[in-house]
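S.K.: requesting a structural model of the entry that follows:
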Amino acid sequence: MKILVADDHALFRDGMRYVLQQFGNEVDVVEASNFPDALRRTESDPRFDLVLMDLSMPGSEGATSVRQFHHRYPGIPIVVISGLDHRDEIERVMESGAVGFISKTTPSKVMLNALRLVLDGGIYLPPQLLQVALPSDLPAGSASGTRKQTNAHGLSARQNEALALLGRGLSNKEIAKIMGLAEGTVKIHIAAVYQVLHISSRFEAIRMAERMGLVPTSEE
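M.R.: Sure thing, here's the model as predicted:
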């Protein structure tokens, strides 16, 4: 497994190298100290399984740089690891192509579990972000962004719809088109589904959708 860590603080890169070694000796960690360097290293060898990217390193323009990297290398999952954790910034990052956002204050054990989730094809977002309903969750005319109607499984109508489409094997982009939402918003819904149902991969999501009767079972 090959992982690129792009951050301008050498101490943080050293810390991430130590954390990533918990995956095993087979992890190859490549470092970049600025955004142009991250692009150069990926251009020279794009066989990365994961990129961990800081938003505020030299040469970076935040979510715009995430979008640029994702556009060049759409097959490489990007997880932003940042000291900034404002909701609007996180939403811009997810809309720009990231599949995860981890605060630099996150304990190493939680960070490892989050990266495992992403490597399994999942999406990770800070729990505090998922505790607040998106506008698409709210009933018409509602003025509150902190309460939403949920079903017996704890999912909002939009989250339930996203799970059903996920259960059909659709990509995030396909789900976004069907639901009429931005892809970043769909990612947030799916991350919430994972958290509420305590699942950690798209495979588990498909099986859960089958058990909930949202899609036909593979035996049918």
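S.K.: and Arg168, what does it touch?
M.R.: By CB atoms under 8 Å, 6 or more residues apart in numbering, the contact list for Arg168 reads 209, 215. For the C-beta atoms, the positions are set from N, CA and C on the backbone; glycine is no exception.
S.K.: how about a cut-off of 7 Å?
M.R.: The contact partners of Arg168, by CB atoms under 7 Å, 6 or more residues apart in numbering, come to Val215.
S.K.: how about the strands in the chain?
M.R.: Counting by DSSP state E, one finds strands in the chain at the ranges 2-6, 28-32, 50-53, 78-82, 100-103.
S.K.: in a markdown table: those strands, plus mean neighbour count.
M.R.: A markdown table is the format used below for the strands of the chain (neighbours: other CB atoms under 10 Å):
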| stretch | mean neighbour count |
| --- | --- |
| strand 2-6 | 23 |
| strand 28-32 | 18 |
| strand 50-53 | 24 |
| strand 78-82 | 23 |
| strand 100-103 | 22 |
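S.K.: can you redo those as a markdown table with mean pLDDT?
M.R.: Rendered in a markdown table, the data for these read as follows (pLDDT from 0 to 100):
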| stretch | mean pLDDT |
| --- | --- |
| strand 2-6 | 96 |
| strand 28-32 | 96 |
| strand 50-53 | 97 |
| strand 78-82 | 94 |
| strand 100-103 | 92 |
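S.K.: any idea which helix is longest in this structure?
M.R.: Criterion DSSP state H: the longest helix present in the chain is helix 183-197.
S.K.: so what's the closest residue to Ala182 other than its chain neighbours up against?
M.R.: Excluding its sequence neighbours, the residue lying closest to Ala182 (CB to CB, 6 or more residues apart in numbering) is Glu95, at 5.5 Å. Glu95 makes contact with 182-184 under the criterion CB under 7 Å, 6+ apart.
S.K.: ok, the nearest residue to Leu197 once chain neighbours are set aside to Gly59 distance?
M.R.: Using CB to CB, 6+ apart and skipping the chain neighbours, the partner closest in space to Leu197 is Met208 (5.6 Å). For Met208, the distance to Gly59 under the criterion CB to CB, to the nearest Å works out to 41 Å.
S.K.: closest to Leu119 out of the strands of the chain?
M.R.: strand 50-53 (6.3 Å; CB to CB).
S.K.: what does that closest one contact?
M.R.: Judged by CB under 7 Å, 6+ apart, the contacts made with strand 50-53 from elsewhere in the structure are 3-6, 16, 38, 66, 76-81, 115, 118-119.
S.K.: which strands or helices does the helix or strand of the chain with the lowest mean pLDDT pack on?
M.R.: Between all helices and strands in the chain, the lowest mean by mean pLDDT, DSSP states H and E belongs to helix 127-130, at a mean of 72. Contacts defined by 3 or more CB pairs under 7 Å, 6 or more residues apart in numbering; DSSP states H and E place helix 127-130 against helix 183-197.
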